[in-house]
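Asker: build me a model from this:
(one chain, ligands or ions: 1)
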Amino acid sequence: MIRIYQEADYAAMSRRAAAVIAAEVIRNPACVLGLATGSTPIGAYEQLAAWNREGLLSFKEVRSVNLDEYKGLPGTHDQSYRYFMNTHLFDHVDIDPANTHVPDGLAADPAAECARYDDLVASMGYADLQLLGLGNNGHIGFNEPCDCFVRETHVVDLTQSTIDANARFFASAGDVPRQALTMGIGCIMAARWVLLIASGEAKAEALYRMICGPITPACPASILQLHGDVVVVGDRAALEKVVAAGVSVCE
Ligand code: GLP
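Answerer: As a prediction, the model looks like this:
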């Protein structure tokens, strides 16, 4: 089942998303959070850091697993997802850095690293709550549109549309890594519940296909229709097509 919250704008979406994550952390202080990168979760992470500073929320016992990492980037690279997580969340909350996990983009044997990551996430009992952003092309993590859903953590060739979309973070499109290590659909679907966030009209078509379209690996996020417990938080622009299709949303 997918429960949809429509918010006015990015700020309201971020606050609602942070509240959903906080609900999990308050209910289960030793939870496993599946975390995401990209520009969309930044506001939610800022809100979580603020609540942590104010003493409303503690991450002391929380463990985290991130979805993905660029292949070939060290964690010290300012566009690596490890660096993103440190600078946008982990450095600002009381989480134990040893309890935070991101695939190793520099692993000498990427296939072995993918297998290690799957074993790690399984040993943690999978995520209690998995946070997801949404690619313009419907990707989740870096599970790109393709012919089949890939269950395991794997090395993926990024599509041109993803390279173009992420080029804004790099000096040029030529600097965007061509491959990434991503958690597969299996780990994502094994999460107890899922929070997907989306903001802006660039996401409207992908969000519509995810919620209203057929379940197909051509839109990887559509697999979430088969998950029993999904919350979508989107702003008006992102939800425009979904609302126009007559799908009911919570305000
Ligand atoms: C990136 C990440 C995804 C993210 C998506 C959207 O490539 N791998 O996890 O959800 O693209 O990014 P943004 O939030 O910047 O639009």
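
Asker: can you list contacts of the helix or strand hosting residue 121?
Answerer: For residue 121, the element it lies in under DSSP states H and E is helix 110-123. Applying Cβ atoms under 8 Å, 6 or more residues apart in numbering, the external contacts of helix 110-123 come out as 65, 71, 101, 103-104, 107, 127, 152-155, 181, 183-184, 186-187. Where you see a C-beta, it was placed from the backbone N, CA and C, and this is true even at glycine.

Asker: again, only this time at 10 Å
Answerer: 32, 34, 65-66, 68-69, 71-72, 101-107, 109, 127, 151-155, 179, 181-184, 186-188, 190-191 (Cβ atoms under 10 Å, 6 or more residues apart in numbering).

Asker: any idea how far the next helix or strand after that helix is from the middle of the chain?
Answerer: On the C-terminal side of helix 110-123, the closest following helix or strand by DSSP H and E is strand 129-132. How far strand 129-132 lies from its chain's middle: 6 Å, per Cα atoms, centre = their mean, to the nearest Å.

Asker: can you show me the CA trace of strand 129-132 as CSV?
Answerer: As requested, the backbone C-alpha atoms of strand 129-132 are provided in CSV (Å, rounded to 0.1, in the frame of the first residue of the first chain):
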residue,chain,number,x,y,z
LEU,A,129,12.9,2.3,7.3
GLN,A,130,14.3,2.8,3.8
LEU,A,131,14.5,6.4,2.6
LEU,A,132,14.5,6.8,-1.2
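
Asker: that one pairs with which strands, and in what direction?
Answerer: The strands beside strand 129-132 in its sheet (DSSP bridges) come out as strand 32-35 (parallel), strand 193-198 (parallel).

Asker: quote the end-to-end distance of stretch 24-44.
Answerer: By Cα to Cα, to the nearest Å, the extent of stretch 24-44 from end to end equals 14 Å.

Asker: flag every buried residue along it.
Answerer: When burial is assessed from 16 or more other Cβ atoms under 10 Å, stretch 24-44 yields the following buried residues: 24-25, 31-38, 40-41, 43-44.

Asker: same check on stretch 238-251?
Answerer: Within stretch 238-251, the residues that count as buried by 16+ other Cβ under 10 Å are 238, 239, 240, 241, 242, 243.

Asker: hang on, the fifth one in a strand?
Answerer: I take that to be residue 242. No: note on residue 242: no strand contains this position according to DSSP: H, G, I helix; E, B strand; the rest coil, which reports helix.

Asker: contact partners for residue 90?
Answerer: With contact set as Cβ under 10 Å, 6+ apart, residue 90 has these partners: 35, 45, 49, 59, 64, 82, 84, 96, 97, 99, 100, 102.

Asker: ok, 8 Å please
Answerer: Residues counted as contacts of residue 90 (Cβ under 8 Å, 6+ apart) are 97, 100.

Asker: list the contacts of the residue lying closest to residue 182 once chain neighbours are set aside.
Answerer: Distance criterion Cβ to Cβ, 6 or more residues apart in numbering; nearest residue to residue 182, sequence neighbours excluded, is residue 142 at 3.7 Å. When contacts are counted by Cβ under 8 Å, 6+ apart, residue 142 touches 67, 68, 156, 158, 162, 180, 181, 182.

Asker: phi, psi of residue 189?
Answerer: As for residue 189, its main-chain torsions (degrees, to the nearest 10) stand at phi -70, psi -20.
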